[in-house]
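Student: Model the following, please.
(chains A and B)
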Protein chains: 2
Amino acid sequence: MCQETSSLQPVYVLVAPQMGENIGAVARAMLNCGLTRLRLVDPRDGWPNARAHAMSAGALDTMPPVAVFPDISSAIADCQIVYATAAGTRDMVKPVIDARQAGVQIKDQVKNGLQVAVLFGRERSGLTNEELAFAHEHVSIPLNPDFDSLNLGQAALLMAYEFYLAGENGRRCFPTGTSETASMSDFNGLCDRLEREIENGGFFRSPDMRDTMMRNIRNFLIRGMPTEQELRTFHGVITALKRSASGEVDRE
Amino acid sequence: MCQETSSLQPVYVLVAPQMGENIGAVARAMLNCGLTRLRLVDPRDGWPNARAHAMSAGALDTMPPVAVFPDISSAIADCQIVYATAAGTRDMVKPVIDARQAGVQIKDQVKNGLQVAVLFGRERSGLTNEELAFAHEHVSIPLNPDFDSLNLGQAALLMAYEFYLAGENGRRCFPTGTSETASMSDFNGLCDRLEREIENGGFFRSPDMRDTMMRNIRNFLIRGMPTEQELRTFHGVITALKRSASGEVDRE
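Tutor: This is a model prediction of the structure:
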């Protein structure tokens, strides 16, 4: 079985990669998404490779050692499910799925203890049909059909990102720092003061429009979901605007 | 409005990019996902840039010319909704969403005719808090928290990929009635006026605090995503507040 530390993740297998820079970019993208199991099949410039290390932004120093194999067969010998990434379609009877579906399936499979490998082809020419035949499923990343060539690091990033996010729903949070979201009574206090002040300033030309105008102003202000600190700032802004015209500025 | 050919897509804005290679990688990633509107703010090595062209794998020859601007404000002046990509969280009250949700929202917004910009920060240091304050929403790409630095091309790829794949689900509707969402140049005009007026009113007790205070005020106001009508109302509110103290009320 696999010797790498954590097996709750797939193994990425680069088949005959040419440029060290690309191997480093793959390592960086993998670690960005929490993956640390990288294997190489017959890398053109041997291994280790200084350019790969430089391009990995420290990832190769953090990950377990990269394993090197002479052929695909030995690189995936201990794995149970194999995915192959390849652009477009091939004249081959094999399920084709997209990267998002692959992410979900792979996450399920590794959670169930299966050893999963993902094959990435050489720069420019990708995987041959013979190499693709080693895989259970063909992963095609959906892209602009008129310009769909991804480099190796980009392909690995999209696959790793989809694995990382699989099972997660969209997240939205709303940090308010050290201040709390204001209470409605404080918010209403601001609106009440604003209404008095702008009435003094002759804002409501017609009494009929008053309710509508105030509703619109209130509606705009509440959309920002102000914090307590922001309400205090807004009170200060009102005070300063009044002083701006009155000449009462107190320059301490 | 925007001059680029298709406006049914967001504009990507690179803020102070340093290496031409990264600009080229962004262009390639954009075109991989069908995007062609790229703008640069103050690129370190000027523009055009031979390294960018080489790295773009032909993308820059296919896309309309890249537009260059001296500052963020002018780069997004014709846009209505601004997203900022930035790692981690900041001490700023602003909605934080992930790249997938951003893809869905942006797809909906451009389909509804809104001009959307996505800001990407400079290599290594990203966007400053002042720059982030120009945005309605902060996009944080979920990654391994122990190793989350993406290069510019990778960040653009993930954002563009999520836009490309975003389906019709998770629609977030934002009706604005008969008024359009305000342009950023009109929004910035309001902020500039407000800053002048409250300065006259002695709002900034300490010059050191000026930038922080204005950033907080701008950040609060932009969260409401004001319409053109609401900006006009707000200008009227400022005028009325000044009259409120000056006694110049014209009671017709």
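Student: use CA for all of it now, contacts and neighbours both
Tutor: Fine.
Student: Please, where are all the helices along chain A?
Tutor: Assigned helices in chain A, in chain order: A:20-32, A:50-55, A:59-62, A:72-75, A:99-111, A:129-132, A:152-165, A:184-200, A:210-223, A:228-246 (criterion: DSSP state H).
Student: Could I get these in a markdown table, plus columns for distance to residue A:41?
Tutor: Output for the helices of chain A, formatted as a markdown table (distance: least, CA to CA, whole Å):
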| stretch | distance to residue A:41 |
| --- | --- |
| helix A:20-32 | 12 |
| helix A:50-55 | 15 |
| helix A:59-62 | 17 |
| helix A:72-75 | 6 |
| helix A:99-111 | 21 |
| helix A:129-132 | 12 |
| helix A:152-165 | 14 |
| helix A:184-200 | 63 |
| helix A:210-223 | 55 |
| helix A:228-246 | 58 |
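Student: ok, and which of those helices has the densest surroundings?
Tutor: Highest mean neighbour count among the helices of chain A (mean count of other CA atoms under 10 Å in any protein chain shown): helix A:20-32, with a mean of 26.
Student: which other residues reach that one?
Tutor: A:14, A:17, A:36, A:38, A:45, A:49-60, A:63, A:151-154, A:156-157, A:160, B:143-144, B:147-150 (CA atoms under 8 Å, 6 or more residues apart in numbering or on different chains).
Student: circling back to that earlier point, CSV for the helices of chain A, including mean pLDDT?
Tutor: Below are the helices of chain A laid out as CSV (pLDDT from 0 to 100):
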stretch, mean pLDDT
helix A:20-32, 97
helix A:50-55, 97
helix A:59-62, 96
helix A:72-75, 91
helix A:99-111, 91
helix A:129-132, 86
helix A:152-165, 96
helix A:184-200, 90
helix A:210-223, 85
helix A:228-246, 89
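Student: wait, which of those helices is closest to residue A:81?
Tutor: helix A:99-111 (8.5 Å; CA to CA).
Student: give me every residue that touches residue A:70.
Tutor: A:41-42.
Student: er, residue A:153 I mean
Tutor: Neighbours of residue A:153 in contact, by CA under 8 Å, 6+ apart: A:22-23, A:25-26, A:29.
Student: ok, so of those residues, who is nearest chain B?
Tutor: residue A:29 (7.8 Å; CA to the nearest CA).
Student: Roughly how far does that closest one sit from residue A:59?
Tutor: 9 Å (CA to CA, to the nearest Å).
Student: Likewise for residue A:8?
Tutor: For residue A:8, the distance to residue A:59 - CA to CA - is 19 Å.
Student: Residue A:234 now?
Tutor: 47 Å.
Student: Leaving out sequence neighbours, find the closest residue to residue A:102.
Tutor: residue A:139 (6.9 Å; CA to CA, 6 or more residues apart in numbering or on different chains).
Student: One more: residue A:18?
Tutor: residue A:44 (5.0 Å).
Student: And the pLDDT for that neighbour?
Tutor: For residue A:44, the model assigns a pLDDT of 97.
Student: Number of residues surrounding it?
Tutor: Residues lying near residue A:44 (other CA atoms under 10 Å in any protein chain shown) number 13.
Student: Wait, it touches residue A:15, no?
Tutor: No: Residue A:44 lies out of contact with residue A:15 (CA atoms under 8 Å); the separation is 9.9 Å.
Student: and the residue nearest to residue A:102, how many neighbours?
Tutor: Residues contacting residue A:139 under the criterion other CA under 10 Å number 25.
Student: Enumerate every residue touching it.
Tutor: A:83-86, A:96-99, A:102.
Student: from these, which is closest to residue A:179?
Tutor: Nearest to residue A:179 among the contacts of residue A:139, with distances taken as CA to CA, is residue A:99, at 40.9 Å.
Student: If you drop the residues flanking it in sequence, what lies closest to that closest one?
Tutor: If the residues on either side of it in the chain are set aside, residue A:99 comes closest to residue A:141, at 5.4 Å by CA to CA, 6+ apart.
Student: For that neighbour, what are phi and psi?
Tutor: phi -90, psi 120 (degrees, to the nearest 10).
Student: was I right about it contacting residue A:98?
Tutor: Yes: with contacts counted by CA under 8 Å, residue A:141 reaches residue A:98, the gap being 5.3 Å.
Student: Between those two, which is the more surrounded one?
Tutor: Using other CA under 10 Å, the more surrounded residue of residue A:141 and residue A:98 is residue A:141, with 22 against 14.
Student: Give me the distance between that one and residue A:88.
Tutor: Taken as CA to CA, the span from residue A:141 to residue A:88 is 8 Å.
Student: cool, residue A:147 as well?
Tutor: For residue A:147 relative to residue A:88 (CA to CA), the value is 11 Å.
Student: More neighbours: which of those two?
Tutor: residue A:147 (18 against 15).
Student: excluding its backbone neighbours, what's nearest that one?
Tutor: residue B:32 (5.4 Å).
Student: separation between the one you found and residue A:63?
Tutor: Residue B:32 is 29 Å from residue A:63, by CA to CA.
Student: same thing with residue A:108?
Tutor: Relative to residue A:63, and taking CA to CA, residue A:108 is found at 23 Å.
Student: Per-residue pLDDT of residue A:1, please?
Tutor: With respect to pLDDT, residue A:1 scores 31.
Student: swap in the one 3 residues further on?
Tutor: pLDDT for residue A:4: 41.
Student: Kindly report the same for the one 10 residues further on.
Tutor: Per-residue confidence for residue A:14 comes out at a pLDDT of 98.
Student: so it makes contact with residue A:117?
Tutor: No: taking contacts as CA under 8 Å, residue A:14 lies outside contact range of residue A:117: 10.4 Å.
Student: Which neighbouring residues are in contact with residue A:218, exactly?
Tutor: Counting by CA under 8 Å, 6+ apart, the residues that residue A:218 touches are residue A:191.
Student: Please report the distance of it from chain B.
Tutor: As judged by CA to the nearest CA, to the nearest Å, residue A:218 and chain B stand 11 Å apart.
Student: what separates that residue from residue A:192, distance-wise?
Tutor: Distance from residue A:218 to residue A:192, counting by CA to CA: 10 Å.
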